[in-house]
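# quick one: sequence plus predicted model below, questions after.
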Amino acid sequence: MSSYKLVVKDAFWQILGRIISALGGFLVVKIMTPYLGPLRYGDYSTILKYFAIRSAFADFGLYVIALNKVWGIKEKLRLKEWQLPEWEGKKEIEGYYGKFVMSRFVTITIVYLTALLIAYFIPAYTDNPFLMRGLPLGMIFSASFMTAGILQLPLQLFWGMKHVSIALSLARIFQILVLLGIVRVYNNPDFSVATEYSLTAFLLMIGSVLVSAAVQWRYVRRISNKHIKLKLKADRWFTRKIIKDNWQYGFAYCLSSLHTLWVMILLGIFFPTKDGFAYIGMWAVASALMEILLIVPSSLGNSIIHKVTAYSDELKRKSFGNLLIFVLWIGMIFVANFRIFNSNIIYLVSGSEFLSQFVDWFGSDFILPWLAVAMLLSFAKQIYNFMFVSTWLNNHLLKVNAFGVIIGMIVGAIVIPKYAIVGGIVTQILMEVLYLLWSLLVAKRKRVSLRFSWKYFTILIGSVLIVWWWAWRFTNFVQTIAYNDYLRLILRWVAINGLLLAIAYKPLKTVMKGITYDEVADSWSYIASSERD
């Protein structure tokens, strides 16, 4: 099978799995938010986000580094650049894989235990019994999830990402079943006070993610072992060398995780749920939808990174340039949908308690369209990240991310205490703008700016803008939908997005073929002379 078809197939399975997981995630949010309410859902999100930040430090970019390294060994063996017997080549791959996994275990243990200890010295957490009881469970979940992440490397290496999709689907199904059981057994607890009954119900809600992580870990572990046997190897020299050689990329990876978490951290510090503020809960619902969708460029990039790394720099620029057009097209559709159907979407996944018209502050429906803009900028920035990694410029990501994070942290610490959610929106978008601008500057300076056809860029992005502008400006097509009118919402959503897909189908197919080189080695001529860096 050609590389183009393999990449498309692998990306399809990754995205399908994420879509199924996302739909399951929407259902999870739908079950949790009315049950926990804005305050306790804010606590639930605080716990998971607290360790999500640490997960970046625990990973330290090891997954991408490991994938590139093991893929390189596999390709050298395939091309017979190494004159080794098959069994010895397989042993070489197993050795590196075992060392990478062991290195991940070491970083997980150190980072998460340190994070748990620090949490018990944060006043906003220690004064809240829901947070204090839930933090250890959050740590175990995050550690299990991180372990499953590195174990999926053989599946990506051998184009078996459909099994990751199956694992994600099974994990969501089991979590939903557990949640339904909890809601049935612990009926209507009063989460406004910390009683044993309400605390137990809250902890069981967090326990549902532990069940999902365990299911995912078990399935991925079993299937991955069929491709590469996991034999853990403790090698302190190897772990130290990996971290030493890639510490800049590792810190850059850690800093990049703050782009979705920093605002929530500050909201939790300045407006804690123990004082009755529901800002975190409102932000968490909108943010959860964005984080689910951020996997789109990540899945596509991971599907081609080990293939594109073998290209010349010029072909890498073209390959990732086409990928950029594709993800921007997807991102623009998300932005338009979240702008038009914001109230409908929030009501569908969480309920009226999270809508602005039913609360005394800005609800999740107000936050959602603005975070969608930030998400679009993040889509573009992620493609540049992959370009830097493929051209071995990954250590420059430290400067890119540090620039955005430092300024964002300073601005956020100033505006969030004063303007709360509005300040959070300003901070979020500012960070993404700074990330992208600095990425563009680094790419230009290092001569790896992405190349793409402005013709297809104009057709795809322009079609989204024109169709949605027409629907919003000249008709009542999307202006008369009540927040709970599901039938009209679905019909109009299908009509508008179906029209967009019909317009974009042919140019989109051409752009997708331009992502992999071997299928279009002689057809880059569609990249016109009007292309610009």
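Received it, and whenever you're ready, just let me know what you need.
# going forward, measure contacts and count neighbours with C-alpha atoms only.
Will do.
# I'd say residue 198 and residue 187 touch.
No. Under the criterion of C-alpha atoms under 8 Å, residue 198 makes no contact with residue 187, lying 10.0 Å away.
# stretch 223-231: end-to-end distance?
15 Å (C-alpha to C-alpha, to the nearest Å).
# list the buried ones in it?
Neighbour-count burial for stretch 223-231, with 16 or more other C-alpha atoms under 10 Å as criterion, is recorded at 223, 224, 227, 228, 229, 230.
# picking up where we left off before, quick one, which of residue 198 and residue 187 is more surrounded?
When neighbours are counted by other C-alpha atoms under 10 Å, residue 198 and residue 187 differ, and residue 198 comes out ahead with 20 against 11.
# what's the more buried one in contact with, if anything?
Residues near residue 198 by C-alpha atoms under 8 Å, 6 or more residues apart in numbering: 189, 190, 191.
# buried ones among the residues you listed?
189, 191.
# from the contacts of residue 198, pick the one nearest residue 65.
Distance to residue 65 across the contacts of residue 198 (C-alpha to C-alpha) is lowest for residue 191, with 44.0 Å.
# summarise which helices and strands the strand or helix carrying residue 106 is packed against.
Element membership for residue 106 (DSSP states H and E) is helix 86-119. With contacts taken as 3 or more C-alpha pairs under 8 Å, 6 or more residues apart in numbering; DSSP states H and E, helix 86-119 sits against helix 3-59, helix 62-78, helix 129-151, helix 236-245.
# check which residues of it are buried.
Buried, per 16+ other C-alpha under 10 Å, within helix 86-119: 89-90, 93-105, 107-108, 111-112, 115-116, 119.
# other residues contacting stretch 323-334?
For stretch 323-334, the external contacting residues (C-alpha under 8 Å, 6+ apart) are 296-297, 372, 375-376, 379-380, 383, 452, 456-457, 460-461, 464, 497, 508, 511-512, 515.
# list the contacts for the nearest residue to residue 148 once chain neighbours are set aside?
Closest residue in space to residue 148, ignoring its immediate chain neighbours: residue 217 at 4.7 Å, by C-alpha to C-alpha, 6 or more residues apart in numbering. Residue 217 makes contact with 144, 145, 147, 148, 167, according to C-alpha under 8 Å, 6+ apart.
# surely residue 135 is in contact with residue 47?
Yes. Counting by C-alpha under 8 Å, residue 47 is a contact partner of residue 135 at 5.9 Å.
# where does the stretch 351-500 of the chain have low pLDDT?
394-395, 470-486 (pLDDT under 70).
# what about the helices in it?
364-390, 397-445, 454-473, 486-513 (DSSP state H, counting those that start in this stretch).
# got the angle for the last one vs helix 454-473?
Read that as helix 486-513. 170 degrees (axes from the mean of the first three to the mean of the last three C-alpha atoms, to 10 degrees).
# about what we covered before: which of the contacts of residue 217 sits closest to residue 181?
Taking the contacts of residue 217 together and measuring to residue 181 by C-alpha to C-alpha, the closest member is residue 167, at 21.3 Å.
# can you list the weak-confidence ranges in the stretch 101-250 of the chain?
Within the stretch 101-250 of the chain, the set of residues satisfying pLDDT under 70 comprises 156, 159-161, 245-250.
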